[in-house]
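Enquirer: Sequence and predicted structure, then a few things I'm wondering about:
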Amino acid sequence: MPAPATKPPMRRPTASRADLLLAWYDRHARVLPWRQPPGEAVADPYRVWLSEIMLQQTTVEAVKPYFRKFLERWPDVAALAAAGTDDVMKAWAGLGYYSRARNLKKCADAVASEHGGEFPGTFDELLKLPGIGRYTAAAIAAIAYGKPEPVVDGNVERVVSRLFAIATPLPQAKAEITEAVRKMLPAERPGDFAQAMMDLGATICTPRRPACLPCPLNEGCAALRDGDPEHYPVKPLKAERPARRGAAFVAVRTDGAVLLRKRPERGLLGGMAEVPTTAWTARSDGETGLDAAPFPADWHKAGSASHVFTHFSLELTVYRAEIDVMNAPKGHWWSTRDDLLGEALPTVMKKVIEAAIPGATRRDPRSKS
């Protein structure tokens, strides 16, 4: 009687995981506007910081044009520190998660005023700056200053949880994953190692259908040995996203100008521009009827606008009114059709205005600007 089949032992790579990964990175590194080529000694800490802040909760392709725009307008941290907060918010509009933009400005101010315009070079000092958490501090320290810090983003969590078949669900597994990365860190090229791990997760060890055959770490991957890489990382069940409702009021002057106001600096979409809306929040609905209109006018329904935030979804009933002559109420202003394109409007407000005035927030493709 033949012996029962057993799984073959996992082959151990003869080279270290770091060596295998760096050799792969030297051949396959993504070309990104904020990145130095593989093997370069140092990277500009301003570019590393700016890109890492923008990339939080945002895709690489979405970030590229914003990064280039910011760099053209504010080529270094001193220029960004000298900029007005409203200008920074306008340039950020559409990128989402607007607290990042507010902290971006605060951090630039701190680097300029407290550090002579130079980012500090250690993890602990970087961590003291506004808007810089453990991940961003580690990324700047490793990529810009060559410090052996474990850099762990979502891509790295996926790679490492599969590599070692870490069964602890996220986010509880973060400490275990970080320690595993720390043990793999090479003495040389820690910045390239960090970016190689990110690239491996973005291009090879993807959430669905990972390309395990060309992966440089496949021989030592526990999840591949067990036959189920997509099981990792283990995630807890998501809580149901609540649905909120409210109303938005688009007042349009006869010359096409739209009435706007600025949201409070603190809280959701803080400091951004909006049309008057009812008092909806992530935790409660706002009024949805005409009784909540900001002032008397011939308001009529112009459709609706839906938007999904991280923790809730929002459905706004949109009302529009034509206004002949009216001074803007205190705290409001009239934004002309041309000015509207440059306002710090979050995506949800662009949807609202589009429902009332189709095409108002889209630049004419024939325009050269």
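Expert: Arrived safely. Residues are numbered from 1 along each chain as shown.

Enquirer: where does the protein have its least confident helix or strand?
Expert: Lowest on mean pLDDT, DSSP states H and E among the helices and strands of the chain sits helix 337-340, with a mean of 88.

Enquirer: in it, what counts as buried?
Expert: Neighbour-count burial for helix 337-340 flags Leu340 (criterion: 16 or more other CB atoms under 10 Å). Where you see a C-beta, it was placed from the backbone N, CA and C, and this is true even at glycine.

Enquirer: what's the spacing between it and its chain's center?
Expert: From the chain centre to the centre of helix 337-340 is a distance of 26 Å (CA atoms, centre = their mean, to the nearest Å).

Enquirer: Please save the CA atoms from that helix in PDB.
Expert: Coordinates of each C-alpha in helix 337-340 appear next as PDB, following Å, rounded to 0.1, in the frame of the first residue of the first chain:
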ATOM      1  CA  ARG A 337     -18.000  80.400 -14.200                       C
ATOM      2  CA  ASP A 338     -14.300  80.800 -14.800                       C
ATOM      3  CA  ASP A 339     -13.400  81.200 -11.100                       C
ATOM      4  CA  LEU A 340     -15.500  78.100 -10.200                       C
END
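
Enquirer: what's the neighbour count on Ala273?
Expert: Residues lying near Ala273 (other CB atoms under 10 Å) number 22.

Enquirer: I am assuming it contacts Leu345, so please confirm or correct that.
Expert: Yes. Ala273 is within contact range of Leu345, at 5.2 Å (criterion: CB atoms under 8 Å).

Enquirer: Could you pull up the residues touching the spatially closest residue to Arg189 that is not a sequence neighbour?
Expert: Among residues not flanking Arg189 along the chain, Leu22 sits closest, at 6.0 Å (CB to CB, 6 or more residues apart in numbering). Going by CB atoms under 8 Å, 6 or more residues apart in numbering, Leu22 touches Pro38, Pro186, Arg189, Asp192, Phe193, Ala196.

Enquirer: among these, which two are most distant?
Expert: Pro38 and Pro186 (13.2 Å; CB to CB).

Enquirer: circling back: pull out the buried members of the contacts of Leu22.
Expert: Using 16+ other CB under 10 Å as the burial test, the contacts of Leu22 include Pro38, Arg189, Asp192, Phe193, Ala196 as buried.

Enquirer: Would you confirm that the first one contacts Ala29?
Expert: In this case it means Pro38. Yes. Between Pro38 and Ala29 there is a contact under CB under 8 Å: 4.9 Å.

Enquirer: Report the set of residues contacting both of Ala273 and Leu345.
Expert: Common neighbours of Ala273 and Leu345, using CB under 8 Å, 6+ apart, are Ala93.

Enquirer: Look up how far Arg162 lies from Pro190.
Expert: Applying CB to CB, to the nearest Å, the value for Pro190 to Arg162 is 22 Å.

Enquirer: of these two, who's got more company?
Expert: Arg162 (26 against 22).

Enquirer: dump the residue contacts of the more buried one.
Expert: Cys205, Pro210, Cys221, Ala222, Ala223, Leu224, Pro229, Tyr232, Pro233.

Enquirer: Thanks again, I'm all set now.
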